[in-house]
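Enquirer: Below are the sequence and a predicted model for it; my questions follow.
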Amino acid sequence: MVALADLTLVEAAQAVHDGDASSRDLLNACWERMDAVNPTLNATIWVDRLGAERAARAADASRDTNEWCGPLHGVPLAHKDMYYQEGKRCTCGSRLRKDFVPDITSTAIERLAAAGAYSFAGLNMAEFAQNPTGHNREFGDCHNPWNPPYITGGSSSGSGAAVAARFVYAALGSDTGGSIRLPASACGVTGLKPTQTRVSRYGAMPLSFSFDNVGPLARTARDCARVMSLIAGRDPKDPTSSHLPVPDYEGALDGDLRGMRIGIPTNYFFDDADPAVSASIELAAEVLRARGATVTRLTLPVMDAVTGYGGIVSRVEAATIHAEWMRHRAQDYAPHLSGRMYAGYAIPGPYYVESLSRRGPVLRAFAGEVFAQVDVLATPTIRSALPTLAETDIDNGPPGTEARFMALSANTRPFNYLGLPAISIPCGFDANGLPIGLQLAGRPFAEARLLRLADAYQRDTDWHALLPPLLEATGEAAGIMLP
Amino acid sequence: MDQFLAETELTIARWHGVAAPNEPARRMAADLVNTIAAFEALRGTLAFEDEPSSFEAALYDMRETP
């Protein structure tokens, strides 16, 4: 017997489809779990119980008459509180948008709704999606389900915590410098940052229009594949979205890794890495090798350009769109946030344009050399052992806290400048019992390959299926037998 | 360093009308010397024809093909 809240997204959808559970059953199971653990985690900013009950009833009514919306029919979800839904409050994690009610709905939300899903909460997040830890001064810090004094990773902190605590089957996050992959790594769930342009950003709070990405956090690679198959693809409302057809992501999950070439970088990504983190990546590579992949070492080119240019773009773009509030309401930002944006105003325009102008040539140089040798890069998502919230409290911490804070995203930021897809999957625990993430990155539009690799890994390991100790005391009664 | 920070604060105030909101802002503005150093190391790589839209073309050209 598996508790309904512990099902994967795909299993939950199947349970509704097969009549083993109603949408209302799933919703109740999520709420029961949420009510038990969320006072400790603080993973939500708001909860819409009335609206969700209405949506669950409607889903069950249409199921009873065999009117199927799609592959997520009747599945309750919740998302980072930066996805606009017409008429619903959307805080963006900030005092400045505490009462903001958008008049549009994001394309990603619309596509999930068209597939039958509905949303019951706005999940906690870093203020304006701008920190890698999960601190939030306005709505309270989000806590790690594996050990609450530790960071969840950010900025999609509530998405990572809620999925890990099994009260949300899957959640949208956003990733501008690692904000999907960092909480996926820290909370022990699976998170995919798609290729730049793969998923429409219409109706998602902007942070850096050159680097912003919409993507899923979920319990398995298969769950992420399900969400990606729904949200990816051209959207006329986001002119930057790609025209390329969307592959069958779930159909690609065949477990076959024969011929797959995996590369472990010898430069940059393991610099000063925690030994337990490095060892976990090596062990993960062995698992993939046993499935037929080859594993080689390689030196990555142009990393100085990737990190040098990459540090400019999002700072300038964020500073630009926040300028009016920075002039008149700077005190309403957390100090680290207004501080970071402040420096962005001093970066000269030619630096910014050069950073963007070099992005294409740098991508060609990187991808041309790397992907001639391997198909996928394997790195830690976070190099260090996971720190506590106190150790990374940049607004109140001692000198040196800033460096620790920024180092968290050192391994994720390069793929935002390069625009490459990257997925983080759980692959072990550090010395303090906090999850370690394996980051896999591929060519542009190689999401299907990354998901196949991640799914194959999850067939042979159970890191993704382990439950945080916090859940042991919850003991929900509702459950179903799985085949 | 102090002079660099003072000049930076003046420039931001003049060009953007934004004042340093707190000490972290000043620390991060002072840290721009590292940004300058990173850019100095990259001088000479920008080609005359480089432009931002080349990124989308590179994404397409370097893409995964079935």
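Expert: Sure, I can see it. Numbers count the residues shown, from 1 in each chain, chains lettered A, B, ... in the order given.

Enquirer: How many residues are close by the residue of the stretch 201-350 of chain A found nearest chain B?
Expert: The nearest approach of the stretch 201-350 of chain A to chain B comes at A:Gly339, 3.3 Å away (CB to the nearest CB). In this view, the C-beta of every residue, glycine as well, is placed from N, C-alpha and C. Close neighbours of A:Gly339, defined as other CB atoms under 10 Å in any protein chain shown, add up to 24.

Enquirer: so how far is A:Pro247 from the residue lying farthest from the centre of chain A?
Expert: The centre of chain A is farthest from one residue, A:Thr65, which by CA atoms, centre = their mean lies 35.5 Å away. Going from A:Thr65 to A:Pro247 by CB to CB, to the nearest Å gives 33 Å.

Enquirer: and what of A:Leu466?
Expert: From A:Leu466 to A:Pro247 the distance is 30 Å (CB to CB).

Enquirer: Next, the contact list for A:Gly233, please.
Expert: By CB atoms under 8 Å, 6 or more residues apart in numbering or on different chains, the contact list for A:Gly233 reads A:Val199, A:Ser200, A:Ser241, A:Ser242, A:Pro245, A:Val246.

Enquirer: Could you rerun that using 10 Å?
Expert: Shown in contact with A:Gly233 (CB atoms under 10 Å, 6 or more residues apart in numbering or on different chains): A:Thr107, A:Arg111, A:Arg198, A:Val199, A:Ser200, A:Ser241, A:Ser242, A:His243, A:Leu244, A:Pro245, A:Val246.

Enquirer: Output the residues you listed as CSV; include the columns distance to A:Ala218, pLDDT and secondary structure.
Expert: Below are the contacts of A:Gly233 laid out as CSV (distance: CB to CB, whole Å; pLDDT from 0 to 100; DSSP: H, G, I helix; E, B strand; the rest coil):
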residue, distance to A:Ala218, pLDDT, secondary structure
A:Thr107, 19, 98, helix
A:Arg111, 16, 98, helix
A:Arg198, 17, 98, coil
A:Val199, 15, 98, strand
A:Ser200, 19, 98, coil
A:Ser241, 22, 98, coil
A:Ser242, 22, 97, coil
A:His243, 26, 97, coil
A:Leu244, 23, 97, coil
A:Pro245, 23, 97, coil
A:Val246, 18, 98, coil
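
Enquirer: Let me know the closest of these to A:Ala5.
Expert: A:Arg111 (24.5 Å; CB to CB).

Enquirer: My guess is that closest one contacts A:Val227. True?
Expert: Yes: with contact defined as CB atoms under 10 Å, A:Arg111 reaches A:Val227; the gap is 9.4 Å.

Enquirer: Between these two, which contacts overlap?
Expert: Contacts common to A:Arg111 and A:Val227, judged by CB under 10 Å, 6+ apart, are A:Leu72, A:Ala117, A:Val199.

Enquirer: Secondary structure element holding the first one?
Expert: Under DSSP states H and E, no helix or strand contains A:Leu72.

Enquirer: repeat for A:Tyr309
Expert: helix A:303-321.

Enquirer: Next up, the contacts around the residue most central in space within chain A.
Expert: Central residue of chain A (CA atoms, centre = their mean): A:Ile180, 2.2 Å from the mean position. Going by CB under 10 Å, 6+ apart, A:Ile180 touches A:80, A:153, A:155-156, A:159-160, A:171-174, A:190-194, A:213-217, A:224, A:412, A:422-424.

Enquirer: can you tell me which residues contact residue 49?
Expert: You didn't pick a chain, so chain A it is. Per CB under 10 Å, 6+ apart, neighbours of A:Arg49: A:Leu27, A:Trp31, A:Phe120, A:Ala121.

Enquirer: To clarify, I was referring to chain B.
Expert: So B:Glu49 contacts A:Ser357, A:Pro361 (CB under 10 Å, 6+ apart).

Enquirer: hmm, back to that, neighbour count for A:Leu466 and A:Pro247, which is higher?
Expert: More neighbours surround A:Pro247 than the other of A:Leu466 and A:Pro247, with 20 against 14 (other CB under 10 Å).

Enquirer: what's the closest non-adjacent residue to the more buried one?
Expert: Distances taken as CB to CB, 6 or more residues apart in numbering or on different chains place A:Ala448 nearest to A:Pro247, at 4.6 Å, with adjacent residues excluded.

Enquirer: The one you found touches A:Tyr249, doesn't it?
Expert: Yes: assessed by CB under 10 Å, A:Ala448 is found in contact with A:Tyr249 at 5.4 Å.

Enquirer: Need the overlap of contacts for those two.
Expert: A:Ala225, A:Met228, A:Ser229.

Enquirer: Okay, and which of these map to helices?
Expert: A:Ala225, A:Met228, A:Ser229 (DSSP state H).

Enquirer: Closest to A:His135 out of those residues?
Expert: A:Met228 (28.9 Å).

Enquirer: So what's the residue count around the closest one?
Expert: Using other CB under 10 Å: A:Met228 sits among 25 other residues.

Enquirer: show me where pLDDT drops low in the chain?
Expert: No chain was given, so I picked chain A. Low-confidence segments of chain A (pLDDT under 70): A:475-478, A:481, A:483.

Enquirer: not quite, I wanted chain B
Expert: In chain B, residues with pLDDT under 70: B:1.

Enquirer: ok, longest helix in it?
Expert: Longest helix of chain B, by residue count under DSSP H: helix B:2-16.

Enquirer: Which parts of chain B are helices?
Expert: B:2-16, B:23-30, B:32-42, B:54-61.

Enquirer: Contacts only, for the closest residue to A:Gln196 other than its chain neighbours.
Expert: Distance criterion CB to CB, 6+ apart; nearest residue to A:Gln196, sequence neighbours excluded, is A:Gly419 at 3.6 Å. Counting by CB under 10 Å, 6+ apart, A:Gly419 touches A:193-198, A:210-211, A:213, A:359-360, A:363, A:367, A:444, B:55-56, B:58-59, B:62.

Enquirer: 7 Å instead?
Expert: A:Thr195, A:Gln196, A:Leu363, A:Pro444, B:Phe55, B:Leu59 (CB atoms under 7 Å, 6 or more residues apart in numbering or on different chains).

Enquirer: Am I right that the first one is in contact with A:Phe445?
Expert: Yes: proximity of A:Thr195 to A:Phe445 meets the contact threshold set by CB atoms under 7 Å, at 5.1 Å.

Enquirer: and the closest residue to A:Thr307 other than its chain neighbours, what are its phi and psi?
Expert: Nearest non-adjacent residue to A:Thr307, counting by CB to CB, 6+ apart: A:Pro414, 6.5 Å away. Main-chain dihedrals, A:Pro414, degrees, to the nearest 10: phi -60, psi -30.

Enquirer: where's A:Pro414 relative to chain B, distance?
Expert: 14 Å (CB to the nearest CB, to the nearest Å).

Enquirer: so that residue touches A:Val306, yeah?
Expert: Yes: between A:Pro414 and A:Val306 there is a contact under CB under 7 Å: 4.8 Å.

Enquirer: Could you list the residues of chain B in contact with chain A?
Expert: By CB under 7 Å from any CB of the partner chain, the part of chain B that sits against chain A consists of B:8, B:11-12, B:16-18, B:20-22, B:24-25, B:27-29, B:32, B:35, B:38-39, B:41-42, B:45-46, B:50-52, B:54-59, B:62-64.

Enquirer: Now the buried members of the residues you listed.
Expert: B:8, B:12, B:16, B:18, B:20-22, B:24-25, B:27-29, B:32, B:35, B:38-39, B:42, B:45, B:50, B:52, B:54-56, B:58-59, B:62, B:64 (16 or more other CB atoms under 10 Å in any protein chain shown).

Enquirer: buried stuff in stretch A:28-39?
Expert: Quick answer for stretch A:28-39 (16+ other CB under 10 Å): A:Asn28, A:Ala29, A:Cys30, A:Trp31, A:Glu32, A:Arg33, A:Met34, A:Ala36, A:Val37, A:Asn38.

Enquirer: For these, could you give me a markdown table that also reports distance to chain B and secondary structure?
Expert: Listed next are these as a markdown table, based on distance: CB to the nearest CB, whole Å; DSSP: H, G, I helix; E, B strand; the rest coil:
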| residue | distance to chain B | secondary structure |
| --- | --- | --- |
| A:Asn28 | 41 | helix |
| A:Ala29 | 38 | helix |
| A:Cys30 | 35 | helix |
| A:Trp31 | 39 | helix |
| A:Glu32 | 41 | helix |
| A:Arg33 | 37 | helix |
| A:Met34 | 34 | helix |
| A:Ala36 | 37 | helix |
| A:Val37 | 33 | helix |
| A:Asn38 | 30 | helix |
